[in-house]
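Asks: Got a predicted structure here, sequence first:
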Amino acid sequence: MAYNNEDGLLPFDQAFDHAILQKILPRIAGSDSRVDQVLRELYVIFTNKQFDEDLTEMDLASAKYPLSVAKVVEMLRRLRDGFTSYWIS
């Protein structure tokens, strides 16, 4: 983020989206309700909407951090099977 700000490589929100995707989301893994709660809260922060289990299409264009939202949705859907991790695709 510091280099991005120095050199003006990407808009702040786009650079921050990449930082969240690469530095924060990989640290979230597990199978309990705390993981579910964290992912749902991140979804709200990123989209200003509650997560809908029946969500079939996401409007990523309206999300503040679209890359991170897509990964959070993937992780929440995987959690239904009992465990989620950033690294499992």
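Replies: Thanks, I have it.
Asks: do you know how far the most centrally placed residue in the chain is from Asp7?
Replies: In the chain, the residue lying closest to the centroid (CA atoms, centre = their mean) is Ser68, at 3.2 Å. Relative to Asp7, Ser68 is positioned 22 Å away (CB to CB, to the nearest Å). Bear in mind the C-beta positions are built from the backbone N, C-alpha and C, glycine included.
Asks: before we move on, what about Ser85?
Replies: Taking CB to CB, one finds Ser85 at 33 Å from Asp7.
Asks: Which of these two has more residues huddled nearby?
Replies: Set side by side, Ser85 and Asp7 show more neighbours around Ser85, with 16 against 8, by other CB atoms under 10 Å.
Asks: quick revisit: what does the pLDDT read for the residue nearest to the centre of the chain?
Replies: Model confidence at Ser68, given as pLDDT, is 96.
Asks: same thing with Leu55?
Replies: For Leu55, the predicted pLDDT is 67.
Asks: ok so, going back, so the residue nearest to the centre of the chain sits right up against Leu25, yeah?
Replies: Yes. The pair Ser68 and Leu25 passes the contact test of CB atoms under 8 Å, sitting 6.4 Å apart.
Asks: on that earlier part again, which residue is the nearest non-sequential neighbour of the residue nearest to the centre of the chain?
Replies: Ile20 (4.4 Å; CB to CB, 6 or more residues apart in numbering).
Asks: so the one you found sits in a helix?
Replies: Yes. Under DSSP: H, G, I helix; E, B strand; the rest coil, Ile20 falls within a helix.
Asks: Count the neighbours of it for me.
Replies: 19.
Asks: That one: what's it in contact with?
Replies: For Ile20, the contacting residues are 65, 67-68, by CB atoms under 8 Å, 6 or more residues apart in numbering.
Asks: Look at the residue nearest to Asn48 when sequence neighbours are not counted and report its pLDDT.
Replies: Excluding the flanking residues, the one nearest Asn48 by CB to CB, 6+ apart is Lys64, at 7.7 Å. At Lys64, the model reports a pLDDT of 92.
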